[in-house]
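Enquirer: coordinates for the following, if possible.
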Amino acid sequence: MIAPTQRRRVVVTGVGVINPLGNDIETVWSALKEGKSGVGYTTIFDASKFPTRISAEIKNWDVSQAGEDPEKWKFRGRHTCFAAGAARQAFDASGVGDSIKDRRRFGVYMGSGEGNQDFYSFANMMAKSLDAEGKLDLVKFTRAGLDILNPVVELEQEPNMPPGHVAAMFDAQGPNANCLTACAASSQAIGEATEIIRRGEADVMLSGGTHSMIHPFGVTGFNLLTALSTNNDDPTGASRPFDRLRDGFVLGEGAAMVVLEELEHAKARGANIIGEIRGYGSTADAYRVTDIHPEGRGAIGCMRMALNDAGMTPEQIDYVNAHGTSTTVNDKVESKACREVFGERAGQVPVSSTKSMMGHLIAAAGATELIVCMMAIRDNILPPTINYENPDPLCDLDYVPNTAREANCNIALTNSFGFGGQNISVVVSGFED
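Expert: Here you go, the predicted model:
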């Protein structure tokens, strides 16, 4: 590993978000500081017969607000449109455009989920393919698919499509990739994009993630896993990370993108530097598909790896943005992992979960939360964990309960732990030359 003092430094010069709390970063950050919730009853589809009828949806936004023609984007995924909006915000805010002389030095790395799941078309195909005894006729099913399915819509389900469309928007001819490591995806994308710049393979990368699983297949899957809150009578109070009465996460949607830039490239053009990516850690639990390791070994490992990559000690971390999903197991094990990493100081390190307000954005969660960390550093304000009312003896850290807190914040660590056992931690700081 190259020592932090010897490698190319990577800074953030632009950010963008499309989020249940608002469709630009200042609106989202204001809502977080005020402890507002973006959760409500699901309207994207009829969820009235589902165990979970609540979610955190994007409101009052379409792709025309990103300067794109809605007609040309009508078959592209909901999440792809969100990615276009967040990428446009980040790119324009960075002012990087005219400084990129060789577009092959400008790439895209995203953590994007699958696209629109065409539930109603598949249900129609099934209805046309069952015989009198209720058995599936595969020949009829195939013929119905040829009649019903739109091939462009099917193509747009592929996870590589958002970074492809984003690259075309900005003529980014450099490295282009997508990773889909569940809830860790966009954090991993930012970490890997950082490594591309560190290695000298690009000077500028657009990175982040996008996802929407608020559809019948997505909700059904998570309900079968008993991962979603069923507190339908209290939507805004349903996501309650670290609270003893938590009963699962609330599904959200959205996108978050950052412009990552090699430091000297940014300085040469007089860029406004928002923050610096200091450390990146990536591990696997190697345990079970849906369960975090009970001792938190993967979480502990990636936090320590990120700190080592940054050349820092746990004592230098001022704030942790937790994965904090509001599930019984995740919150307990993440708290245990933080105690192991921070030792005697663990109770003094503020740890909060902004999923309590915006829900769980799945693949887009990590990038969103990294941007939140940079806002906390900028303003020296720590966002709260709302709905924290009933302390859990197995979750005994400082969760910044219910109200934002003014505090000196120079360096933050953000965690993202995905179904399947993928673990990512990223250390970010303000910029000092």
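
Enquirer: what number of residues lie near V139?
Expert: 9 (other Cβ atoms under 10 Å). Quick note: C-beta positions are derived from backbone N, CA and C, even for glycine.

Enquirer: ah, wrong one, I meant S353
Expert: Number of residues near S353 (other Cβ under 10 Å) recorded here: 32.

Enquirer: any idea how far it is from S239?
Expert: 8 Å (Cβ to Cβ, to the nearest Å).

Enquirer: same thing with P384?
Expert: Plainly put, P384 is 12 Å away from S239 if you go by Cβ to Cβ.

Enquirer: now do the shared contacts for those two.
Expert: S356 (Cβ atoms under 8 Å, 6 or more residues apart in numbering).

Enquirer: quick one, which of those two is more surrounded?
Expert: More neighbours surround S239 than the other of P384 and S239, with 35 against 24 (other Cβ under 10 Å).

Enquirer: state the three-state secondary structure for that one.
Expert: coil (DSSP: H, G, I helix; E, B strand; the rest coil).

Enquirer: now do G209
Expert: On the three-state scheme (three-state DSSP), G209 is labelled strand.

Enquirer: which non-adjacent residue is nearest it?
Expert: In space, not counting the residues next to it along the chain, G209 is nearest to S186; the distance is 2.5 Å by Cβ to Cβ, 6 or more residues apart in numbering.

Enquirer: is the one you found in a helix, a strand, or coil?
Expert: When the structure is split into helix, strand and coil by three-state DSSP, S186 lands in helix.

Enquirer: let me see the ranges of the helices in the stretch 101-250 of the chain.
Expert: Assigned by DSSP state H, counting those that start in this stretch, the helices in the stretch 101-250 of the chain fall at 119-127, 138-148, 151-155, 161-170, 185-198, 216-224.

Enquirer: distance from the lowest-mean-pLDDT helix or strand in the chain to the middle of the chain?
Expert: Across the helices and strands of the chain, mean pLDDT, DSSP states H and E gives its lowest value to helix 119-127, namely a mean of 84. Centre-to-centre, helix 119-127 and its host chain are 30 Å apart (Cα atoms, centre = their mean, to the nearest Å).

Enquirer: which residues are contacting whichever strand or helix holds M303?
Expert: With elements taken from DSSP states H and E, the one containing M303 is helix 297-310. With contact meaning Cβ under 8 Å, 6+ apart, helix 297-310 is reached by 1, 4, 278-287, 292-293, 313-314, 317, 333-334, 337-338, 340-341, 413, 415, 417, 421, 423-427.

Enquirer: ok so, going back, what residues are up against the residue nearest to G209?
Expert: Residues in contact with S186 (Cβ under 8 Å, 6+ apart) are 110-111, 207-210, 256, 363-368, 416.

Enquirer: and if we set it to 7 Å?
Expert: 111, 208-209, 256, 363-367 (Cβ atoms under 7 Å, 6 or more residues apart in numbering).

Enquirer: PyMOL command for the buried members of those residues?
Expert: In PyMOL, the members of the contacts of S186 classed as buried (16 or more other Cβ atoms under 10 Å) are selected with the following command:
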select buried, resi 111+208+209+256+363+364+365+366+367
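
Enquirer: ok, the contacts of S186 vs V219, which is closest?
Expert: A363 (16.2 Å; Cβ to Cβ).

Enquirer: surely the closest one is within a strand?
Expert: No. For A363, which was evaluated using three-state DSSP, the result is helix, with no strand membership.

Enquirer: distance of it from A266?
Expert: Using Cβ to Cβ, one obtains 27 Å as the distance from A363 to A266.

Enquirer: with I148 instead?
Expert: Here the criterion is Cβ to Cβ. By it, I148 lies 50 Å from A266.

Enquirer: and for L260?
Expert: The spacing between L260 and A266, counted by Cβ to Cβ, is 10 Å.

Enquirer: what's the answer for N124, then?
Expert: To A266, N124 is 51 Å away according to Cβ to Cβ.

Enquirer: the two: which is more packed in?
Expert: For N124 versus A266, neighbours defined as other Cβ under 10 Å are more numerous around A266 (26 against 16).

Enquirer: for that one, report the pLDDT, please.
Expert: With respect to pLDDT, A266 has a value of 98.

Enquirer: wait, it touches V10, no?
Expert: No. The pair A266 and V10 does not pass the contact test of Cβ atoms under 7 Å, sitting 9.4 Å apart.
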